[in-house]
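> My questions are about this predicted structure, shown below with the sequence.
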Amino acid sequence: MSKNYRAELIFLLGDPVDGNPTGAVEEAAFADKNLNYRYINCLVPVERLGAAFQGVKALGGRGLNLTMPHKIAIIPMLDQLTQAAQLIGAVNTVYLRDGKYIGENTDGKGFVQSLVEADIPLQGKVVTMLGAGGAARAIAMECALAGARHIHIINRDPGRGQSLADALNQSGHTKADFAPWQPDMAVPDDTDVLVNGTSIGLHPHGEDYPPIDYDTVRPGMAACDVVFNPARTVFLDKCAAKGAQAVTGLGMLVNQAALNFNLWTGEEAPRALMMRTLSQELAEE
Ligand code: NDP
């Protein structure tokens, strides 16, 4: 068969996108599998999302990642949503199937997979989620689908926090409550898995950490961060100092990248290579 020089195109649409390393991770995986795919970071301001998506369709794009501020705005433009994307109300990944652009959300699935890898069960457990933004919402919903018994939501903005607790209760998969964030508030006693689902501690503010009472973190809890740059956050250090098992945001990032790779290419992702590439990219910063 003659060689095919036509590349399959995957786009990341967001604002900002300059510091997003996902493309390097996906491109390493494409090369490893000998796939003629390209992953292209595109800076798309909010008012240009519609035009950008028309462009993706015109070019026959094979898939997308969406990041801030497009994860919700893309929804009405898509042909179909998966059940998880519907429940979460946001899309981070789009893939093409039978001519249809289908919206999925793999952020929470990547998180749940990172707990499986760390041997931390969710079935029947209590999760405390700090934050109620896009990542927190996706994680909380997937924890519910993975069998978490109760989810406490703690968030600064009460409207957003209550709306996530309501969505979780309405899902019928778990019970949830919401508490507005008070400075240095206690972690609820029954917590098994504590998650920093906020952007506090993200580079270049790596010295920041969520204001909770770290004396209420105890051995036996798992402490997980969505922040992946730096991988080892002050939040994780402070929780580990109290005996909690720390889980970085790197696993979540690599796992969702691996799930997306599979959705776009139909092939098993070379996960170990993807993790090595991500670690190298972050170390080079
Ligand atoms: P959003 O903007 O949707 O949500 C941000 C959340 O952080 C909100 O709950 C917000 O609270 C809270 N927050 C921010 N600053 C503060 C503060 N000073 N005090 C209290 N709460 C605060 O962002 P995303 O959910 O999309 O992203 C959150 C983080 O998750 C980012 O660091 C992102 O890089 C990371 N992420 C990691 C992924 C991974 O694979 N590891 C994947 C996706 C995201 P409020 O509602 O009150 O504003």
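Nice, thanks for sending it over. Residues are numbered from 1 along each chain as shown.
> what about the residue of the stretch 1-150 of the chain found nearest the ligand, how many residues close to it?
Nearest residue of the stretch 1-150 of the chain to the ligand (C-beta to the nearest ligand atom) works out as G133 at 1.8 Å. Where you see a C-beta, it was placed from the backbone N, CA and C, and this is true even at glycine. By other C-beta atoms under 10 Å, 18 other residues sit near G133.
> Quick check, it in contact with T198.
Yes - the pair G133 / T198 is scored as a contact, 7.1 Å apart, by C-beta atoms under 8 Å.
> what ranges do the strands span in the chain?
Ranges of strands in the chain, per DSSP state E, are 8-14, 37-43, 63-66, 80-81, 93-97, 100-104, 126-130, 150-155, 175-180, 185-186, 193-196, 212-213, 222-225, 245-247.
> quick one: the fifth one near the ligand?
No - Strand 93-97 is not in contact with the ligand by C-beta under 6 Å from any ligand atom; minimum separation 11.1 Å.
> which neighbours does that strand have in its sheet, and in what orientation?
Sheet pairing for strand 93-97, assigned by DSSP bridges, gives strand 63-66 (antiparallel), strand 100-104 (antiparallel).
> chain center to it: distance?
Strand 93-97 has its C-alpha centroid displaced from the chain centroid by 17 Å (C-alpha atoms, centre = their mean, to the nearest Å).
> ok, now which ones touch the residue nearest the centre of the chain?
For the chain, the residue nearest the mean C-alpha position is D107 (2.8 Å; C-alpha atoms, centre = their mean). Under the criterion of C-beta atoms under 8 Å, 6 or more residues apart in numbering, the neighbours of D107 are N92, G134, A135, A138, I139, M252, Q256.
> Look through the protein and tell me its longest helix.
helix 250-265 (DSSP state H).
> count of neighbours near G201?
Residues near G201, counting by other C-beta under 10 Å: 22.
> just checking, it touches T233?
Yes - contact criterion C-beta under 8 Å: G201 and T233 qualify, at 4.4 Å.
> what sits in contact with each of the two?
Shared contacts of G201 and T233, counting by C-beta under 8 Å, 6+ apart, come down to Y209, D225, V227.
> Which one of those residues sits in the busiest neighbourhood?
Ranking these using other C-beta under 10 Å puts D225 first, with 30 neighbours.
> and I75, how many neighbours?
Other residues close to I75 by other C-beta under 10 Å number 16.
> brain fart, D190
11.
> Is stretch 218-232 in proximity to the ligand?
Yes - applying C-beta under 6 Å from any ligand atom, one finds stretch 218-232 touching the ligand at V226, V227, F228.
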